[in-house]
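1. Mind folding the following:
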Amino acid sequence: MALNPFSSGTRLRDMIRAIRASKTAAEERAVVRRECAAIRTAISERGQEGLRHRNMAKLMFIHMLGYPTHFGQMECLKLIAAAGYPEKRIGYLGLMLLLDERQEVLMLVTNSLKQDLNHSSPFIVGLALCALGNICSAEMARDLAPEVEKLLRSRDVNTKKKAALCSVRIVRKVPDLAENFICLAASLLKEKHHGVLISAVQLCTELCKASKDALEYLRKNCIEGLVRILRDVSNSSYAPEYDVAGISDPFLHIRVLKLMRMLGQGDTDCSEYMNDILAQVATKTESNKNAGNAILYECVETIMGIEATSGLRVLAINILGRFLSNRDNNIRYVALNILMRAITVDTQAVQRHRVTILECVKDADASIRKRALELVFLLVNDTNVKPLTKELVDYLDVADPDFKEDLTAKICSITEKFSQEKLWYLDQMFKVLSLAGNHVKDDVWHALIVVISNASELQGYAVRSLYMALRAYSEQGSLLRVAVWCIGEYGEMLVNNLGMLEAEPPITVTESDAVDAVELGFNCYSADVTTRSMCLVALLKLSSRFPSMSERIKQIVAQNKENMVLELQQRSIEFGSIIQRHQSIRSSLLERMPVLDEAAYLVKRASATQATIPSYKPASGVTPGDLKIPNGVAKPAAAPLVDLLDLSSDDAPVTSTSATPNDFLQDLLGIGGTNLSTAGAPSASTDILMDLLSIGSSPSQNGLLDSSSPAQAEKKPFSAVPQVVSLVPEPMDLLGSLSSSASSSGTKSSTIVPQAADLLDGLSASTSVSGIDDACPSITAFQSATLKIVFDLRKQLGKPQETTIHATFTNLTSTTYTDFIFQAAVPKFIQLRLDPASGNVVPASGKGSVTQGFSVTNNQHGQKPLAMRIRMSYKVNGEDRLEQGQVSNFPPGL
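-> Just a heads-up that it's a prediction; the model follows:
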């Protein structure tokens, strides 16, 4: 029986059936291997020409399953070169599936494509255009572009449509050929067939992207045609071949609107010509069907993208307002996205839909809630801040826990940015702390404390409001911290009802009630080390504010002398000693905290935010140059400060660029800033008292202070306060010796005292507690006839693996060294951190020197000694010099 060459036969169906019947992947691979072997045999035997197209069909199915079929690529070319349409159809289909533009084999098909593009049969021409439009490379585009241009003038509508789509591919691959298609594309816009029109509009859109000349040409010659097309399709009667859900050809609508948006962008004349037809489409299109909503969406995008009139923009925004009331979540989300862009164009029109947008904040869909919240944040201004904030705060009480963090952050940002009255700001922040205090970030409640410290007339109101809130919402962490801080600072105002406002009802709070509130916060199950440390500080301050409660406070503090947390244990011992034995200095030590510089804090906070997120660019946020102080307080910008209230920065790095950082605790104690040099010991003002009320440092930070370099200060929280930490057999009274005049040297190691010791007896103005470093002998690390390098070594007590090195470079010649650079290399088990050098010019004849500090950490301390290779480069009279060597004389034990 003769095989019909124009039939795919039954073998393809048999192969598909066998593959589907395979129960395992191994069986499927076996079937595919057998079929591929049979196809290879058929290809090599050249006698079965009639089976070629059937084998190609099977190869395409195997390719779609993911198996390699490269051995059949040449069969595609043979089928394309055949004379019959069925063979060409299978060949071109295989060409598009099995090959792509990167295959070298594709170069062999260019001649066949050229012949088929000039074929008399429109069906074969259509096959060639489809293949060229899918796999055309840049070389093929240049070779075959003239044939495609000729086909754009064809009388057959299907050929013109396919030629236009093929031209899109050619323009994308070779933008230089765009000028050849500009006039032809413009002429296609006069066609009546919708398929040709859609293809022509797509070609015009691609030409506008590829060439500015094409964009200008189409603006001048095609606007009328596009307006006519859009008017005709909008007013056309029912046509079954184009109708989608009662709307005539929405696909053509959308393509034309996109092209009009490109042509009208930045061009007033084109935009004015489009206004009428856009208004007609926006008003006549029905919005109860998805196709109508798609056209309205594209119409709104076009109106917002061109130079439209204000009335037309209001119409577009009103359409988006209707979208917000739609039941479909996707439509509402799309509307919110466009409104976020539209708010920069016409804020007033978007403001009219504020109520609907607020309802979207309460939507069940999380994506809509988040997008609506971002839009509300953009809508807030000085006139509507109070009602909008009230709505958001009211919703905060019932919001999902997952959404509360975002909602809280936005409310806090709005309140800080737009508040004109401190009283309103405090009220809103107290509500947020009460309802979602666990979701408030540290910098927010830090800023609140700064505001309270500056508002002397509202401090009494603040402490009373926080006390009442704490009784109802004691589980909110941030509320607990702020309330405890205020009770400690302004406890007498709470008890005596000082600073009462006119409309504020009086409350009755005894000294015992105030202490109870702080004790409740300390014992709260959710309180962390930072919060409990703040509670101990507050109790210490209340012992001075309320002398009658000193004994009870002493008992509460003493309960933590054996606390497992070293930080709390140490504070308990120290504070107990202050209460019991140092009443003479207690009142001056525990004075009210001085007013914090609000403007400086905000500048520092803004700069810290920019350092943390360098790519973030706020639309109207706080910047160092243009500072907007919340609560209507205008103050000049100041240099960035260390975080005055960074009470819980255990692992947050603090960048210190000033030689005299201002610590929160220094403000608390009224003591001036401490000046730390890069390699020297702390000055006399670095006092152990500075650590008595330090908050939030982890036990690992309570070691003795080393000579910190700027590089180290950027990598760990700065502490200007040395802390003496040692495990002793019995409790040490760290604050007992206020009568002795002993001072500790900065170059001797501290002694761990097993018995009770009182480090503050006889503390005088000249007392210096600085015994923090263990000095090692200096070494000459390198010396030649021209250069000498001396290393001063220091070890930090408690950290034997770390060594701080202060290098001094001395010029031994009579010529000055310039562009001096010191480099060092260490083995992998050693970590090296170099600080900037004091200069790059080394004076001649040893009349001066350059210094540089660096630190090394030996991760195998005790097992391997310290080793280092050094290299120095410099210039002498403009000539480059290089010296290098190895430091092998480090003292043992480093």
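
2. Going by C-alpha atoms from here, please, whenever you check contacts or count neighbours.
-> Will do.

3. does residue 483 really touch residue 466, like I thought?
-> Yes. Counting by C-alpha atoms under 8 Å, residue 483 touches residue 466, with 5.2 Å between them.

4. Okay, now the sheet partners of the longest strand along the chain, with direction.
-> Scanning the chain for the strand with the most residues, using DSSP state E, yields strand 799-811. Its sheet considered, strand 799-811 pairs with strand 787-796 (antiparallel), strand 849-858 (antiparallel) by DSSP bridges.

5. Make JSON lines from these and add distance to residue 12, mean neighbour count and mean pLDDT to it.
-> Output for the strands paired with strand 799-811, formatted as JSON lines (distance: least, C-alpha to C-alpha, whole Å; neighbours: other C-alpha atoms under 10 Å; pLDDT from 0 to 100):
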{"stretch": "strand 787-796", "distance to residue 12": "80", "mean neighbour count": "19", "mean pLDDT": "89"}
{"stretch": "strand 849-858", "distance to residue 12": "71", "mean neighbour count": "21", "mean pLDDT": "91"}
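
6. would you turn the ones you listed into JSON lines with distance to residue 606?
-> Shown next, in JSON lines, are these (distance: least, C-alpha to C-alpha, whole Å):
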{"stretch": "strand 787-796", "distance to residue 606": "35"}
{"stretch": "strand 849-858", "distance to residue 606": "31"}
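
7. For residue 821, pull up the helix or strand it's in.
-> strand 818-825 (DSSP states H and E).

8. So what angle separates the directions of that strand and strand 849-858?
-> 10 degrees (axes from the mean of the first three to the mean of the last three C-alpha atoms, to 10 degrees).

9. what's the following helix or strand past strand 818-825 packed up against?
-> Downstream of strand 818-825, the first helix or strand assigned by DSSP H and E is strand 830-834. Taking 3 or more C-alpha pairs under 8 Å, 6 or more residues apart in numbering; DSSP states H and E as contact, the helices and strands that strand 830-834 lies on are helix 710-713, strand 849-858.

10. if we go to 10 Å?
-> Counting by 3 or more C-alpha pairs under 10 Å, 6 or more residues apart in numbering; DSSP states H and E, the packing neighbours recorded for strand 830-834 are helix 710-713, strand 799-811, strand 818-825, strand 849-858.

11. Between strand 818-825 and it, find me the angle.
-> Going by the same axes, to 10 degrees, strand 830-834 makes 160 degrees with strand 818-825.

12. chain center to strand 830-834: distance?
-> 30 Å (C-alpha atoms, centre = their mean, to the nearest Å).

13. ok, now stretch 201-211?
-> With C-alpha atoms, centre = their mean, you get 36 Å for stretch 201-211.

14. now the strands for this structure?
-> Counting by DSSP E, the strands of the chain are 243-244, 247-248, 773-775, 779-783, 787-796, 799-811, 818-825, 830-834, 849-858, 868-876, 879-887.

15. relative to strand 799-811, how tilted is the fourth one?
-> Put simply, strand 779-783 runs at 40 degrees to strand 799-811, going by the same axes, to 10 degrees.

16. Contacts for strand 779-783 next, please.
-> 788-793, 807-810, 812, 868, 870, 883-891 (C-alpha atoms under 10 Å, 6 or more residues apart in numbering).

17. Give me the pLDDT for residue 479.
-> Residue 479 carries a pLDDT value of 91.

18. in terms of contact, does it touch residue 466 like I think?
-> Yes. Contact between residue 479 and residue 466 holds when scored by C-alpha atoms under 10 Å: they sit 7.6 Å apart.

19. of these two, who's got more company?
-> residue 479 (28 against 25; other C-alpha atoms under 10 Å).

20. How much space separates residue 398 from residue 248?
-> Distance, residue 398 to residue 248, by C-alpha to C-alpha, to the nearest Å: 46 Å.

21. Settle it for me: which of those two has more neighbours?
-> Here residue 398 and residue 248 are set side by side on neighbour count (other C-alpha under 10 Å), and the busier one is residue 248, at 23 against 11.

22. Next, the contact list for the more buried one, please.
-> Residue 248 neighbours (C-alpha under 10 Å, 6+ apart): 232-242, 291-292.

23. Number of residues surrounding the residue nearest to residue 100 when sequence neighbours are not counted?
-> Distances taken as C-alpha to C-alpha, 6 or more residues apart in numbering place residue 135 nearest to residue 100, at 5.5 Å, with adjacent residues excluded. Other residues within reach of residue 135, judged by other C-alpha under 10 Å, total 20.

24. circling back: in PDB, please show the C-alpha coordinates belonging to the longest strand of the chain.
-> C-alpha atoms of strand 799-811 as PDB (Å, rounded to 0.1, in the frame of the first residue of the first chain):
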ATOM      1  CA  LYS A 799      40.200  40.100  75.000                       C
ATOM      2  CA  PRO A 800      43.600  38.500  74.700                       C
ATOM      3  CA  GLN A 801      43.200  37.900  71.000                       C
ATOM      4  CA  GLU A 802      42.900  41.600  70.100                       C
ATOM      5  CA  THR A 803      45.900  44.000  69.800                       C
ATOM      6  CA  THR A 804      45.800  47.700  69.100                       C
ATOM      7  CA  ILE A 805      48.900  49.000  67.300                       C
ATOM      8  CA  HIS A 806      50.000  52.600  67.000                       C
ATOM      9  CA  ALA A 807      52.600  52.900  64.200                       C
ATOM     10  CA  THR A 808      55.100  55.900  64.000                       C
ATOM     11  CA  PHE A 809      56.900  56.500  60.700                       C
ATOM     12  CA  THR A 810      60.100  58.500  60.900                       C
ATOM     13  CA  ASN A 811      62.100  59.800  57.900                       C
END
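
25. Check whether residue 575 really touches residue 554, as I assumed.
-> Yes. Using C-alpha under 10 Å, residue 575 is in contact with residue 554, at 8.3 Å.

26. Mutual contacts of these two, please.
-> By C-alpha under 10 Å, 6+ apart, the residues touching both residue 575 and residue 554 are 539-540.

27. neighbour count winner among those two?
-> residue 575 (25 against 20).

28. The nearest residue to that one once chain neighbours are set aside: neighbour count?
-> In this structure, residue 575 finds its nearest non-sequential neighbour in residue 540, 6.5 Å apart by C-alpha to C-alpha, 6+ apart. Residues near residue 540, counting by other C-alpha under 10 Å, number 24.

29. contacting residues for residue 540?
-> Going by C-alpha under 10 Å, 6+ apart, the list of residues near residue 540 reads 488, 534, 550, 553-554, 557, 572, 575-576, 578-579, 586, 590, 693.

30. closest one to residue 99 among the helices and strands packed on strand 830-834?
-> strand 818-825 (53.7 Å; C-alpha to C-alpha).

31. Export the closest one to CSV, keeping only CA atoms.
-> Taking Å, rounded to 0.1, in the frame of the first residue of the first chain, the C-alpha atoms of strand 818-825 are listed here in CSV:
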residue,chain,number,x,y,z
THR,A,818,55.4,62.7,49.9
ASP,A,819,52.4,60.5,49.0
PHE,A,820,53.3,58.2,51.8
ILE,A,821,51.2,55.0,52.0
PHE,A,822,51.5,52.2,54.5
GLN,A,823,50.1,48.7,53.6
ALA,A,824,50.0,45.5,55.7
ALA,A,825,49.2,41.9,55.0
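
32. any residues touching it, and which ones?
-> 807, 809, 831-834, 836-837, 839-843, 850, 852, 854, 867-887.

33. try stretch 835-842
-> 678, 709-712, 787, 806-812, 815-822, 848-855, 874-875.

34. can you pull the contacts of residue 572?
-> Taking C-alpha under 10 Å, 6+ apart as the definition, contacts of residue 572 comprise 533, 536-537, 540, 554, 556-563, 566, 578, 692.
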